[in-house]
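Asker: everything below, folded, please.
(chains A and B)
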Protein chains: 2
Amino acid sequence: MTDKLLNERELSFQLYEMLDTEALLERPRYAEHDRAVFDATLETARAIAVEYLAPHNQKADANEPTFDGEKVSLIPETKAAWDALAAAGFHAAHHDAEDGGLQLPEVVLRACMAYFNAANIATAAYSFLTIGSANLVKSFASETLRQRYLPSMLDGRYSGTMALTEPGQGSALGDIRTTARPAADGTYRVFGQKMFISGGDHELTDNIVHMVLARIDGAPAGVKGISLFLVPKFVVNEDGSLGARNDVALAGLLHKFGYRNTTSTVLSFGEKDGALGYLVGEANKGLSYMFQMMNEARIGVALGASALAYQSYIHALDYARERPQGRLPGSKDPLAPQVRIVEHADVRRMLLQQKAYAEGSLSLCLYGSQLFEDAHTAPEQADRENAAELLDLLIPMIKSYPSKYGVIASDIGIQVLGGSGYIREYPLEQFYRDNRLNPIHEGTEGIHGLDLLGRKVGQRGGKGYQLFLAEVRASLTQAAADSACAPMAAALADALGILDKVTAELQAQVAADANLGLSNATAYLDLFGRVVVGWIWLRQALVANHALNAGANGSEADFYQGKLHAARYFMDWELAGLEAQARLLGAGNRLSYDMQDNWF
Amino acid sequence: MTDKLLNERELSFQLYEMLDTEALLERPRYAEHDRAVFDATLETARAIAVEYLAPHNQKADANEPTFDGEKVSLIPETKAAWDALAAAGFHAAHHDAEDGGLQLPEVVLRACMAYFNAANIATAAYSFLTIGSANLVKSFASETLRQRYLPSMLDGRYSGTMALTEPGQGSALGDIRTTARPAADGTYRVFGQKMFISGGDHELTDNIVHMVLARIDGAPAGVKGISLFLVPKFVVNEDGSLGARNDVALAGLLHKFGYRNTTSTVLSFGEKDGALGYLVGEANKGLSYMFQMMNEARIGVALGASALAYQSYIHALDYARERPQGRLPGSKDPLAPQVRIVEHADVRRMLLQQKAYAEGSLSLCLYGSQLFEDAHTAPEQADRENAAELLDLLIPMIKSYPSKYGVIASDIGIQVLGGSGYIREYPLEQFYRDNRLNPIHEGTEGIHGLDLLGRKVGQRGGKGYQLFLAEVRASLTQAAADSACAPMAAALADALGILDKVTAELQAQVAADANLGLSNATAYLDLFGRVVVGWIWLRQALVANHALNAGANGSEADFYQGKLHAARYFMDWELAGLEAQARLLGAGNRLSYDMQDNWF
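Answerer: Residues are numbered from 1 along each chain as shown, chains lettered A, B, ... in the order given. Sure thing, here's the model as predicted:
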């Protein structure tokens, strides 16, 4: 198992050939690092994944968290893994050294996270949730709150949650009903119920810091009246010691399809006299704070989807290379030896498809992380702004493509193994179940479709969208001069033209009638995502062909040939049908819109 | 739950409007029935599904079969359901009255089975397996064997299995290694291991009759040396009493992703001195006997996939109609009430897609059953032959389309419910898990692709294929005269032309190089399946529009409008991209074929 996490060659290709991660060393923030530090950190991450995460992935799935009415129990390996991740500094990895962090570039940290996700996404989630909530505390909480809570979140004593969703509101955050009543001392008393709160209760840590969206009494309706509160499980005294149990109760655990070792909770705030909460930042700005963290969280979800897709791919590949079965169609001799199933073209088709989705998704997520990095640490302000703008445009695709196609890659993994894929004696079905959460949380596909077409493509005069077109065109120009890549560039250029045309058509439709114009937004999101990943594959092909021309040989040549072949596959098969779909969208297909409830 | 099985209106539409099931009453075999008998049988099936099957569907999933080394335990509701199905005569429903059967037409029996599958596919599977193995006994066993075993299989005292698969052979039946050694008394001693044998052990019945493929000592290699044996769990004495335990041992249970209440077993034959087996029919003809039963079994699998897709659809629809969340994109008032999610166009898109897959699949399966019926009971020999020929051609699509797209419908069901779809507190994830077996058993998609392109389209001079073209063209002609259906007919005519062209191109490629030519057979199967189901939808639209023109109103008009709208959806969205895929296939795309193992 331990040798089937992520291909190290693949990660180094993404970090050092596709992205120029070494160039980050020239930036002041990373001046004291060198490539050896990055590689050692990756090696530490891999070692923790192998030693602490992977071994209990199946066990935790088969022995999910339980709640006896008093406390939540997890299998003990969970705590050991949490401690290992904390001790190695991964909860604080991107924080500054002076705050106890590793001051690690985002893209290197994400590559480490890919190992954790591949090994055991449900256990690793406690860390990711804590990292996310600590970011909120760091960015928006008062100095007092920060001093009291942040160090314990960075060193592993406390964990964190993001408490947004409520039973009656789901994706519509504007309808949050949890309330916060001001107390005389400037604190608040929080009342309400939250649902699907991951990591909402457990015994891994001394304390749990809930970052809660709630509405201060009398606040405006809708999204403009939502504030962010820090609500601890145990109140922390001024001296840093733990005080009273706060009025936050676990109403129950939900029992998930996959991702089981992450508790999914229903939390009741204020069943007694109100949960003590501290306002974070200004009143009524909670949603905007949350959204500033959202891009990171969404890349994180997509990276998990990519890692699980990759797991499904390499486990299927391993099986296909070892399992003998049948003969080629042209073979008529029943006494001929069986061939390994990787020799059947149809199995190679499935594996190619998995490779295209898994590696395309992983590459896209790391590229997104690089944009995130550039948005914060690129030396020139214009570069920072452009990176932020481009990332903001691409987030719906970065979140949705790996989530959707990653699940398909996991589904294909089951099919490659056939009957063995269908039984729990093999891990493929768990990869599928774990991965299936990703198109749902951090914004469903439908939500991202609306975000993309209803907001992102047109925002700030379409600046992000134009930046994207320019980036792709630059790659097309480069590829046109490369004989191996030119045919792929031609296919992608067609796809880009189709995307650009349909974007304009849909924007006009939205302007004319938002409800009708947005009715096929999810299909547009899918189309856009395929073009983006087509571009990612063209770039991988360019790098690969350059390396081949430079004389790569042996297993290195094989690696690059695989990249080229998968890129060709993507252009031929994954972009096929794009034009027909765009035609439906461009013509304003009304079928979903016109369907009546009583016709179902 | 009980009101969410299958829509009775939908079943009556399929049986009495799409198919002319009443016309069967004119055939001698059914002369003593009338429509009231059919309807009463359907009502009995529904009642059993509601009373005996549905209530323990989730419980059985959560409490899967266990094996303590001595015996297998199932939750007791399983036995009660088995008894109810047997007592109502469903194990013998299509057998002649003189054999204790109900002499029921295939298509009516299948509609009953759809209820059982929808309610609890894993419990119902014991009956389906028994029906299939009893068919083998009836059709091919000697009179002595028939008398000794068949009555007990028809009345529920014995159950049956189909024991084909072995650990080392999977889809390649020619590599079966289980051996049968002739004994002096004309019986055989069977030795070997079988895997993934559904219903291979349990305590539901006094006895289990295994229909086992094995190779007689000295038989030819490959598929031409395989014989069929009846191997009982307990030997039955001449007087019909149960004799000794046979040398068939349960080596272990496999733990499936879904479909859990059906035991999946590893069986060891002949661990001691050999399992007593009786040759069924002639030596070395086992595989041909099995294949004569295969069409029925494959329709059965597809029907299960359709029923589960339908379950996913109506549970998602029910949720979408009740769950309020968010507002339409054009709404700017945060105080406006939330809308039910069915009012979001994107949710309607998902439900339309589910409807198109579920109802298209169900209709296709019942049409296939009608062909099966005609092949056996049509008054004219030419009609019988044509029905058999057409069914034989269509079987790969009838098996594969509902299996593939049914799983997608189940997946969409999870997405419609969002977070609720992902937790086991709702049944959507179980529908998905149960359904996921269907693209694997009774021939994977890959196997059916090879069967279609490598054999079916060209067999007997392409007679089945030509019959199919003629049938579709007849519908196109009919639709051209119907103003509502003419645009759909135009779309389908294009698709049929594309299919016909690519079929010829691929046949030429296969003739030139079988391995290369068949390398994209699965993609061709998918394309063919979409055209077939497009045709099914055109026919549903024709019936629906005819009824609307005849003055249907109220909920009847809604029902027919839904059919028309789903048909339009299918032509627009599900046939989009067909041309681009056909272009790749027609050009002999080599990407899967050329991919090298060491490039992965």
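Asker: for the rest of this, base every contact and every neighbour count on C-alpha atoms.
Answerer: Fine.
Asker: next, the buried residues of the helix or strand harbouring A:Ala307.
Answerer: A:Ala307 is part of helix A:286-322 when elements are defined by DSSP states H and E. For helix A:286-322, burial by neighbour count (16 or more other CA atoms under 10 Å in any protein chain shown) applies to A:286-287, A:289-290, A:293-317, A:319-321.
Asker: now A:Val137: closest residue in space that isn't a chain neighbour?
Answerer: A:Arg146 (6.1 Å; CA to CA, 6 or more residues apart in numbering or on different chains).
Asker: tally of neighbours for the one you found?
Answerer: 18 (other CA atoms under 10 Å in any protein chain shown).
Asker: buried residues in the helix or strand where it lies, which are they?
Answerer: For A:Arg146, the host element (DSSP H and E) is helix A:143-154. Neighbour counts over helix A:143-154 (16+ other CA under 10 Å) mark A:Leu145, A:Arg146, A:Arg148, A:Tyr149, A:Leu150, A:Pro151, A:Ser152, A:Met153, A:Leu154 as buried.
Asker: spell out which parts of the stretch 451-600 of chain A neighbour chain B.
Answerer: Counting by CA under 8 Å from any CA of the partner chain, the stretch 451-600 of chain A comes close to chain B at A:513-515, A:518-522, A:555, A:558-563, A:565, A:568-569, A:572-573, A:576-581, A:584, A:591-593, A:595, A:597-600.
Asker: of these, grab the buried ones for PyMOL.
Answerer: For the buried members of these, the matching PyMOL selection, counting by 16+ other CA under 10 Å, is:
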select buried, chain A and resi 514+515+518+519+520+521+522+558+559+560+561+562+563+565+568+569+572+576+577+578+579+580+581+584+591+592+593+595+599+600
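Asker: among the residues of the stretch 451-600 of chain A next to chain B, which lie within strands?
Answerer: Assigned to strands by DSSP state E, none of these qualify.
Asker: and the pLDDT at A:Ala183?
Answerer: Per-residue pLDDT puts A:Ala183 at 97.
Asker: the closest residue to A:Leu287 other than its chain neighbours - how many residues pack around it?
Answerer: Of all residues not flanking A:Leu287 in the chain, A:Ile226 sits nearest, at 6.2 Å (CA to CA, 6+ apart). If you count neighbours by other CA under 10 Å, A:Ile226 ends up with 29.
Asker: do the same with A:Pro28
Answerer: 12.
Asker: now A:Asp206
Answerer: A:Asp206, neighbours per other CA under 10 Å, totals 14.
Asker: for it, give me its contacts.
Answerer: The contact partners of A:Asp206, taken as CA atoms under 8 Å, 6 or more residues apart in numbering or on different chains, are A:Arg157, A:Tyr158.
Asker: same check on A:Asp96?
Answerer: So, once contact is read as CA under 8 Å, 6+ apart, A:Asp96 ends up touching A:Leu102, A:Gln103.
Asker: can you do 10 Å?
Answerer: By CA atoms under 10 Å, 6 or more residues apart in numbering or on different chains, A:Asp96 lies in contact with A:Arg29, A:Leu102, A:Gln103, A:Leu104.
Asker: so where's the stretch 301-450 of chain A shaky on pLDDT?
Answerer: Residues of the stretch 301-450 of chain A meeting the criterion pLDDT under 70: none.
Asker: next, the angle from the helix or strand where A:Leu390 lies to helix A:286-322.
Answerer: For A:Leu390, the enclosing helix or strand under DSSP H and E is helix A:381-417. Put simply, helix A:381-417 runs at 40 degrees to helix A:286-322, going by axes from the mean of the first three to the mean of the last three CA atoms, to 10 degrees.
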